[in-house]
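Visitor: I would like the atomic coordinates for the input below:
(chains A and B)
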Amino acid sequence: MSIATMTRAGAVGALAMLCSFAVPASVPALAAPTVGEPAPEFTAIDSQGQSRSLTDFRGKTVVLEWTNHDCPYVRKHYETGNMQALQKDATADGVVWLSVISSPPGEQGHVEAAEADRLTGSRNAAPTAVLLDPDSKVARAYAARVTPHMFVIDGQGTLRFMGGIDDKPTSRHSSVEGARNYVRLALADLAAGRDVQEATTRPYGCAVKYAE
Amino acid sequence: MARRFLSIAAVLAGLVAVPGVAGANPVATGNVEARLVAETASVPPGESFLVALRQKIRPGWHTYWRNPGDSGEPTQIEWQLPEGFSAGAIEWPVPERIPYGPLLNYGYENEVWLLARIDAPAGLPAGEPVSLTARAFWLVCADICIPEEATLSLTLPAGPASTDARWAEGFRRAKEALPVESPWPAAYSADGESLMLRLAGPGLDTSRIESAAYIPSSDGIIGNAAPQRLSLSPEGLTLALTPGYRKPDGAPLTGLVVLEERLEDGVVRRGLSIEATPSAVPIEAAPAGMPLWQAALLALAGGLLLNLMPCVFPVLSMKAMALLKTAQGREAGVSRAAGWSEARIGALAYTAGVLASFAALAGVLLAIRAGGAAVGWGFQLQSPAVVLLLAYLLFAVGLNLSGVFDVGGRLSGIGGGLVRGGPGGGGAAGSFFTGVLAAVVATPCTAPFMAAAAGFALTQSAPVAMALFVALGLGMALPFLLLGVAPRALALLPRPGPWMETLKQALAFPMYASAAWLVWVLGRQAGADAVLLAGIGMVAIAFAAWLYEKSRGAATRGRIAGAATAAAVALLVLGTAAIPAAATGPARSASADTEALAGEPFSAARLAELRAAGTPVFVNMTADWCITCLVNERVALRSDAVADAFASGGVTYLKGDWTRRDAEITRVLERFGRAGVPLYVFYPPAGEPVVLPQILTEGTVLSALSAAIPAADASPSRNANMETRR
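Guide: Presented below is the predicted three-dimensional model:
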């Protein structure tokens, strides 16, 4: 045993408490919401100029889809028709589908209202509304990490699902077929009045571009 | 706009690179230049060999680790290999933490070598071309992301393993960048709000760690971008993490702890792979984000506690008794006001003495550290001479308490003895030196107990560190300061009486115990001969003390006392001076518990002797405080393959312990252009010594050996790592 060891062995109790230092927090980290808790409130203007709040949709299931039309992972789901099919099936069942665009001006994925509508038309997409979030406020509230990052909120405003859209975390188009679509499963669970079986999944995709 | 154009151009470049069946090599995709390289120039039949997918990444862009973090996708390789071949999984180098806004990714910038081990079947005809094809897919991102892929082909002839010199350096670096299994066990504890991860290394000297970060192997366990609070304690290293969206639920926490250690020759980065098990008890971090006032308050409390240490308490008790007696005397004779005023001056002077001593010690310590030396509190105990002198001092104080001799005939004893007259009689100067004495005798006790606290102080800036040491001293002086400024407190002390003499004598024993402990420390440092010298010195002190006391009051007192003192001092000096000679004896060796190879302590003479005899020698210069050294020893030098190679090559392993900055080792370091440890040198039977890198892998050691001694070719598959540049 060395002296150094002895000295360390002797350093106990209150004295040991002195021996620490901290790295001060700099960038405010995002805090993810919790499944089973009330979903964070938000208000945003949609591409039609209408103000939309989560509370407007009480009584209905709400899907939030973070999107960036240039992101390869988003493109996989739109170019294969996967996202549109999901949107149509969901909205046909009375689900409110909100696509959220959080890229600030100058960043990839940022669009003005007209461009957002044009994209919906050209891609044959079927969201209930496209929310414009250029100051990334809604993204921060949900700690949205990627496009596409998906959230499902029930009629009571409780967050019931969050995470990746499926179990194929790649941008390869061929991966869509046979993928386990967690959003579809979550919506089916909610429709059947069950607990969501896979309520938190790993989000994958391009990083959400946050406003400063 | 420019960015948009760039991204389109990049996509197009990526599309162009989309391969046909037969691959090219290298392939440039616009954002990455990918190349398949092999460590060997041939495919060794029946053996395994390393290949790498080398990515040269466009500046400002990155590709991803196996857990990409908040976004992204890891690089993937699909192998198309001839019949009978198989490829292992990607061996991932330690990634960077790459922040992006409020998010964070794990990946690689500039250049990365992703290694994979290929097993070749036996019985390949020599010279037959073997074609290895890798269909590689990766995502490369800056603020935007581009998926790219390339099909890369490499054709090598079958034949005995021989290193491809073009890639030797790259493979060496790639292997250095791989994580190694943590030599220290990891544990975690989680509650809703916090996730604590601890690397348990009771002997781990953390004073040189620049940064530490946990990189999880799976998503959701932690908030990737959340700050990780590092705290260093005697138990090891603790990281306070922010839980992610997924609870660990008792499953092991896997991933890497990436440490950056500041050594004399630069910062060494090492990734330790961990599998942290749930801790039975909650892991506590030290109070974090401590403002100065809080740290100072804790230092104050620590200083207060010092008064109870076995070597301090007796001295302070005597001081208290002297104060008591003085105050009583004053009450009888002089006015109370005068007595209080004198007590106040005494208390302030005593405080000044303690503070001056602590400030002086801290000043010396900070100056040494500013000079680049990694000394901590307790550095004063690293010199055998200082340890010996302290042992003598404590022993002398003990003798005084036992009544063997009495300086100045006062109960205040030694405190006054230092400057003729006690706190009462000697006034401010006497009290000041009592403070100095208290701080000095406190040293051996403070060193063990304050090492951790002082370690914290030393991570701060010099003024803050000094403030904390002064706070420590203030805490120690506080009881007497209070007695001085609030004399009413004196009334709380028991009345003086004969019990004081009994207590005084009893208090001698903690002093003897402290002295005994110091002699043991000395023995560890300088061997059994030093212990004998210490014993002789103590006998001399006891004799001198007895002689001094006997001569008191005699006519010739001055003369005899002078002679006795002289004799004692002469013996003291003799004993102390002899220590450095004794210290060259068998001292402890750094991290002996991690030893797997049978080594000998390093000495220049032994090295010269072995060299003259033509014996190959492997020299390892290490130190207890060097984490990089310990990791190297555990991952490389401790392995069976290395032990076998040493044995079969007849290599003698010499280990130099630089914990105490041995001058002979310093000279060796300087000869190889190093300012500090680690240093690994292999001396082949003939020819120039080979310096190995500061980050050691098993392969580096084996290849250095096998390049010089064919007999060291113990393990054929491992020798695929051989490097010809040696």
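
Visitor: downstream of the worst-scoring helix or strand of chain A on mean pLDDT, the next helix or strand is which one?
Guide: When each helix and strand of chain A is scored by mean pLDDT, DSSP states H and E, helix A:13-16 comes last, with a mean of 30. Remark: after helix A:13-16, the chain's next helix or strand is strand A:43-46, criterion DSSP states H and E.

Visitor: for that next one, give me every contacting residue.
Guide: Strand A:43-46 has contacts (C-beta atoms under 8 Å, 6 or more residues apart in numbering or on different chains) with A:51, A:52, A:53, A:98, A:100, A:129, A:130, A:131, A:132, A:133, A:137, A:138. To be clear about C-beta, it is placed using only N, CA and C from the backbone, and glycine gets the same treatment.

Visitor: could you pick out the buried ones from those residues?
Guide: Of the members of the contacts of strand A:43-46, the ones counted as buried by neighbours, 16 or more other C-beta atoms under 10 Å in any protein chain shown, are A:52, A:98, A:100, A:129, A:130, A:131, A:132, A:133, A:138.

Visitor: which of the contacts of strand A:43-46 fall in helices?
Guide: A:137, A:138 (DSSP state H).

Visitor: would you mind giving the contacts of strand A:43-46 as a markdown table with distance to chain B added?
Guide: Formatted as a markdown table, the contacts of strand A:43-46 follow (distance: C-beta to the nearest C-beta, whole Å):
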| residue | distance to chain B |
| --- | --- |
| A:51 | 25 |
| A:52 | 24 |
| A:53 | 24 |
| A:98 | 21 |
| A:100 | 16 |
| A:129 | 25 |
| A:130 | 20 |
| A:131 | 19 |
| A:132 | 19 |
| A:133 | 14 |
| A:137 | 13 |
| A:138 | 14 |
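
Visitor: mind listing which of the contacts of strand A:43-46 are in strands?
Guide: Taking DSSP state E, the ones among the contacts of strand A:43-46 that sit in strands are A:51, A:52, A:53, A:98, A:100, A:129, A:130, A:131, A:132.

Visitor: what residues of the strand or helix carrying residue B:297 count as buried?
Guide: Per DSSP H and E: residue B:297 is located in helix B:292-306. When burial is assessed from 16+ other C-beta under 10 Å, helix B:292-306 yields the following buried residues: B:295, B:296, B:298, B:299, B:300, B:301, B:302, B:303, B:304, B:305, B:306.

Visitor: in terms of secondary structure, what does it contact?
Guide: helix A:13-16, helix B:427-458, helix B:462-485 (3 or more C-beta pairs under 8 Å, 6 or more residues apart in numbering or on different chains; DSSP states H and E).

Visitor: now it: how far from the chain's centre is it?
Guide: Relative to the centre of its chain, helix B:292-306 is centred 24 Å away, using C-alpha atoms, centre = their mean, to the nearest Å.

Visitor: which of the contacts of strand A:43-46 lies closest to residue B:87?
Guide: Nearest to residue B:87, judged by C-beta to C-beta, of the contacts of strand A:43-46 is residue A:100 at 41.7 Å.

Visitor: ok, that closest one touching residue A:68?
Guide: No: using C-beta atoms under 8 Å, residue A:100 is not in contact with residue A:68; the gap is 10.0 Å.

Visitor: what separation do you get for the residue lying closest to residue B:95 once chain neighbours are set aside and residue B:679?
Guide: Of all residues not flanking residue B:95 in the chain, residue B:65 sits nearest, at 3.7 Å (C-beta to C-beta, 6 or more residues apart in numbering or on different chains). Using C-beta to C-beta, to the nearest Å, residue B:65 is found at 32 Å from residue B:679.

Visitor: okay, the two: which has more neighbours?
Guide: Counted by other C-beta atoms under 10 Å in any protein chain shown, residue B:65 and residue B:679 do not tie: residue B:65 has more neighbours, with 27 against 23.

Visitor: then the helix holding residue B:297 to PDB, C-alphas only?
Guide: Taking Å, rounded to 0.1, in the frame of the first residue of the first chain, the C-alpha atoms of helix B:292-306 are listed here in PDB:
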ATOM      1  CA  LEU B 292     -16.700  29.400  -3.600                       C
ATOM      2  CA  TRP B 293     -18.400  30.400  -0.400                       C
ATOM      3  CA  GLN B 294     -19.800  26.900   0.000                       C
ATOM      4  CA  ALA B 295     -16.500  25.300  -0.700                       C
ATOM      5  CA  ALA B 296     -14.900  27.700   1.700                       C
ATOM      6  CA  LEU B 297     -17.500  26.800   4.400                       C
ATOM      7  CA  LEU B 298     -16.800  23.100   3.900                       C
ATOM      8  CA  ALA B 299     -13.000  23.800   4.200                       C
ATOM      9  CA  LEU B 300     -13.700  25.700   7.400                       C
ATOM     10  CA  ALA B 301     -15.600  22.700   8.800                       C
ATOM     11  CA  GLY B 302     -12.800  20.400   7.700                       C
ATOM     12  CA  GLY B 303     -10.300  22.700   9.500                       C
ATOM     13  CA  LEU B 304     -12.400  22.600  12.600                       C
ATOM     14  CA  LEU B 305     -12.400  18.800  12.500                       C
ATOM     15  CA  LEU B 306      -8.600  18.800  12.300                       C
END
